[in-house]
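> Here is my input; please provide its structure:
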Amino acid sequence: MAIIESKPLTLAEVSDLAGDTDRERDIKIFIKKFSKMPVNKAIAMREELGKLDLLKLKEEHIVKIVDFMPEDASDLNKIIVDVSLDQEEVNKILDVVKKY
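Numbering: from 1, shown residues only. Reported below is the predicted structural model:
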């Protein structure tokens, strides 16, 4: 099997895409323990974070933000360790997170 496309997914999206085999049902059960929102909200939040047009914020970062739902700048900086965000960028991201 060849990989055609690689795209980061939130936990909610993975749960939604998982099928109905025994193994996939086990995956869904496991993911639901950690996923903090339904797939429609996760997708909406992901899109809204993407529209911020922050050059430092990559798709992988956005997925982590949606999955972990940081409550403050400290939490956000623990999630995004490879990029230094200024206070304005942090505030924009946290404003979006607080909506969800």
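
> Residue 83 is in contact with residue 77, correct?
No. Between residue 77 and residue 83 there is no contact, the gap being 9.6 Å when judged by CB atoms under 8 Å. C-betas here are computed from N, CA, C, even on glycine.

> Tell me the spacing between residue 85 and residue 3.
To residue 3, residue 85 is 31 Å away according to CB to CB, to the nearest Å.

> More neighbours: which of the two?
Summary of the neighbour comparison: residue 85 and residue 3, criterion other CB atoms under 10 Å, with residue 85 having more neighbours (18 against 5).

> Could you give the number of residues near residue 49?
Tallying neighbours of residue 49 according to other CB under 10 Å, which is how burial is gauged here, yields 20.

> pretty sure it contacts residue 64?
No. In this structure residue 49 lies outside contact range of residue 64 using CB under 8 Å: 10.5 Å.

> okay, now residue 61: neighbour count?
As a burial measure, the neighbour count of residue 61 was computed by other CB under 10 Å and equals 21.

> Likewise for residue 94?
Residue 94 sits with 16 neighbouring residues when counted by other CB under 10 Å.

> Repeat that for residue 28.
17.

> CA atoms only: put stretch 11-21 into PDB for me.
Taking C-alpha atoms only, stretch 11-21 is exported to PDB below (Å, rounded to 0.1, in the frame of the first residue of the first chain):
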ATOM      1  CA  LEU A  11      -8.400  13.000  17.700                       C
ATOM      2  CA  ALA A  12     -12.000  13.800  16.900                       C
ATOM      3  CA  GLU A  13     -11.300  13.400  13.100                       C
ATOM      4  CA  VAL A  14      -9.500  10.100  13.600                       C
ATOM      5  CA  SER A  15     -12.400   8.800  15.700                       C
ATOM      6  CA  ASP A  16     -14.800   9.900  13.000                       C
ATOM      7  CA  LEU A  17     -12.800   8.300  10.200                       C
ATOM      8  CA  ALA A  18     -12.300   5.000  12.000                       C
ATOM      9  CA  GLY A  19     -14.500   2.200  10.700                       C
ATOM     10  CA  ASP A  20     -16.500  -0.600  12.300                       C
ATOM     11  CA  THR A  21     -14.000  -3.400  12.700                       C
END
